[in-house]
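Engineer: Dropping the sequence and predicted coords here.
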Amino acid sequence: MALCFHSVMSAAGDEDAASRLFELANAPAVAFRTAGGAEVSIRQDPANSTTGGCVWETAYLLAQWVEREIESGRGRWGRRWKAHLCGTGPAVRCLEVGAGCGLLGVALAHAGGDVTLTETADAMRNLEWNVEHNPLPPTCRGSVAARRLHWGDPADIQAAVSNGPFDLLLGTDVIYCASLVEPLLQTLQQCMHTHSTCWLCCQVRCPDSHEAMMRLAPKYFRTVNTRDLSGFMYAEELECFLLELRLPLNAVEKGVDAVREKKRSSPREKAEQRGRARKRTRREDGKEAAWGAIKT
Ligand SMILES: C[S@@+](CC[C@H](N)C(=O)[O-])C[C@H]1O[C@@H](n2cnc3c(N)ncnc32)[C@H](O)[C@@H]1O
């Protein structure tokens, strides 16, 4: 019998969120209801030798945060996802890295995403079991698949890339071992295109790994934002935050963008664009300086 996330979290009692989540992590299976009313049931696997044997706190958090973006139709991906649900746009293609038991990816597929969940070979059996045992109803606009993706493994990355392109890359609790940070960053970078966004929901478990992530991420990504989740569910109590990564535009796309601008702009618009570009340069200088301070 699966322990329901929503019932445990909303039950009366003095326990804090951490104790309730501990109870969930120790159940043989957990149930989660999507905003659209679908119920997924996820088997946990305490015998699994990897950390992927249970659903971690940030998986529930990111699932609900993405659903809130979809419902509100906010931001680029919320708008695109909503358009797909209304039948007026393509599906948002998601790749989840280090998916563990698969709660986040399976829930988002039920919410209409086109989701590929990935894991190491050791965690694949339970992940595949969960994908198989949570079939999407015929009315669902999503799709779901599971495949092996060991961070930094060229063959796995190549196979994942050929299955893309992916719009949204997602990961929860994947920053906990300093030696895995660079292979993870390489994998994310190679699986993204210039308009993709990566959201990693983090809880600082290992300060060295987080320091490595913040130091190395600007080597791979133009945008490295930390988004405060305070006020959202138990994010504050458990000190969870969202790390948002985006790539630089490549030369070809910059050229295409520039041509589009040229065709469209009147002299007045051009003057405004020059003003915006100056502001952007100042902001980026500021960001560089901030990262410089972290690096030293
Ligand atoms: C702390 S668990 C988080 C699992 C899941 N994302 C969640 O929040 O419930 C970290 C996950 O990263 C996966 N992982 C660790 N090293 C990996 C690697 N080199 N390549 C791919 N996945 C890896 C583990 O198997 C594990 O499932």
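Structural biologist: Looks like it came in fine.

Engineer: what about the spatially most central residue of the chain, is that helix, strand or coil?
Structural biologist: Central residue of the chain (C-alpha atoms, centre = their mean): residue 170, 2.1 Å from the mean position. When classified by DSSP: H, G, I helix; E, B strand; the rest coil, residue 170 comes out as strand.

Engineer: Next: residue 224.
Structural biologist: strand.

Engineer: ok, the closest residue to it other than its chain neighbours - contacts?
Structural biologist: Closest residue to residue 224 apart from its sequence neighbours, by C-beta to C-beta, 6 or more residues apart in numbering: residue 217 at 4.5 Å. Yep, even glycine has a C-beta here, placed from its N, CA and C like the rest. If you count contacts by C-beta atoms under 8 Å, 6 or more residues apart in numbering, residue 217 has them with 185, 224, 243, 245.

Engineer: So which residues of the stretch 151-296 of the chain form helices?
Structural biologist: Counting by DSSP state H, counting those that start in this stretch, one finds helices in the stretch 151-296 of the chain at the ranges 154-162, 178-191, 207-220, 251-264, 267-295.

Engineer: Around the ligand, pick out the residues from the stretch 1-150 of the chain.
Structural biologist: Within reach of the ligand by C-beta under 6 Å from any ligand atom, the stretch 1-150 of the chain has these residues: 50-52, 55-56, 58-59, 98-101, 119-120, 123, 150.

Engineer: With the stretch 151-296 of the chain instead?
Structural biologist: Residues of the stretch 151-296 of the chain lying close to the ligand (C-beta under 6 Å from any ligand atom) are 151, 172-174, 176, 180, 183.

Engineer: Show the buried residues in these.
Structural biologist: 151, 172-174, 176, 180 (16 or more other C-beta atoms under 10 Å).

Engineer: Tell me the one of the residues of the stretch 151-296 of the chain next to the ligand nearest residue 87?
Structural biologist: Checking these against residue 87 with C-beta to C-beta, the nearest one is residue 172 at 29.6 Å.

Engineer: If that closest one is in a bridge, with which residues?
Structural biologist: residue 201 (DSSP bridges).

Engineer: Pull the contacting residues for it.
Structural biologist: 56, 58-59, 61-62, 98, 100, 104, 200-202.

Engineer: got it, and residue 30?
Structural biologist: 2-5, 24, 41-42, 44, 55, 103 are the contacts of residue 30 under C-beta under 8 Å, 6+ apart.

Engineer: rerun that using 10 Å as the cut-off
Structural biologist: The contact partners of residue 30, taken as C-beta atoms under 10 Å, 6 or more residues apart in numbering, are 2-5, 8, 23-24, 40-44, 54-55, 59-60, 101, 103.

Engineer: same check, this time on residue 209
Structural biologist: The contact partners of residue 209, taken as C-beta under 10 Å, 6+ apart, are 174-181, 184, 202.

Engineer: hmm, try it at 8 Å
Structural biologist: Residues in contact with residue 209 (C-beta under 8 Å, 6+ apart) are 175-178, 180-181.

Engineer: Distance of it relative to residue 182?
Structural biologist: Distance of residue 209 to residue 182, computed by C-beta to C-beta, to the nearest Å: 11 Å.

Engineer: now residue 19
Structural biologist: According to C-beta to C-beta, residue 19 stands 35 Å off from residue 182.

Engineer: okay, those two: which has more neighbours?
Structural biologist: Neighbour tally, residue 19 and residue 182, criterion other C-beta atoms under 10 Å: the higher count belongs to residue 182, 16 against 11.

Engineer: Against residue 26, how distant is the nearest residue to that one once chain neighbours are set aside?
Structural biologist: Spatial nearest neighbour of residue 182, excluding adjacent residues (C-beta to C-beta, 6+ apart): residue 216 at 5.9 Å. Residue 216 sits 34 Å away from residue 26, going by C-beta to C-beta.

Engineer: higher neighbour count, those two?
Structural biologist: Neighbours of residue 216 and residue 26, each counted by other C-beta under 10 Å, are more numerous for residue 216; the result is 18 against 11.

Engineer: So that one is in contact with residue 181, correct?
Structural biologist: Yes. Under the criterion of C-beta atoms under 8 Å, residue 216 is in contact with residue 181, at a separation of 6.0 Å.
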